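Chemist: no letters, just coordinates:
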């Protein structure tokens with residue numbers, strides 16, 4: 001699940017930043033980029049956590065259904081249609097992941 005992956009990435013990157021002298025020279029050269037990456041991971045984690053804590057499984061399933069209907073309406077095989085289908089499929093997968101997470105954790109507090 002995306003939120004668990006993010007939590008692991010945050011934990012790993014925080015450890016590396018707190019012990020940066022033990023890291024490779026390449027990591028140390030990119031210390032500011034890694035701090036920015038950590039900030040972005042935390043922001044994404046909070047967005048997902050807030051979304052999961054503030055919605056129900058039913059509302060997520062409705063969003064999946066609505067997005068699938070939108071996907072089915074895309075006609076043609078051009079570049080735009082391909083991009084649109086990919087975008088909608090990613091959105092469907094995102095909501096499915098959120099449903100799985102919501103089923104596993106009613107509320108996310110970690």
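Modeler: Received, thanks. This structure is a prediction, so every number in the text was calculated from the model and none was measured.

Chemist: look up phi and psi at residue 56.
Modeler: Backbone torsions for residue 56, taken as degrees, to the nearest 10, come to phi -110, psi 160.

Chemist: residues near it, how many?
Modeler: 9 (other Cβ atoms under 10 Å). (Each C-beta comes from the backbone N, C-alpha and C, glycine too.)

Chemist: ok, residue 41 next?
Modeler: 20.

Chemist: got it, and the one 10 residues further on?
Modeler: The local packing count at residue 51 equals 17, with neighbours defined by other Cβ under 10 Å.

Chemist: and residue 86, how close does it get to residue 27?
Modeler: Computed as Cβ to Cβ, to the nearest Å, the residue 86 to residue 27 distance reads 33 Å.

Chemist: those two: which has the busier surroundings?
Modeler: A side-by-side neighbour count of residue 86 and residue 27, using other Cβ under 10 Å, places residue 27 first with 14 against 10.

Chemist: any idea how far residue 15 is from residue 24?
Modeler: In terms of Cβ to Cβ, residue 24 sits 14 Å off from residue 15.

Chemist: which strands and helices lie in contact with the helix or strand hosting residue 81?
Modeler: Residue 81 belongs to helix 79-104 when elements are defined using DSSP states H and E. Applying 3 or more Cβ pairs under 8 Å, 6 or more residues apart in numbering; DSSP states H and E, we find helix 79-104 packed against helix 2-18, helix 31-54, helix 57-73.

Chemist: out of those, which gets nearest to residue 79?
Modeler: helix 57-73 (16.7 Å; Cβ to Cβ).
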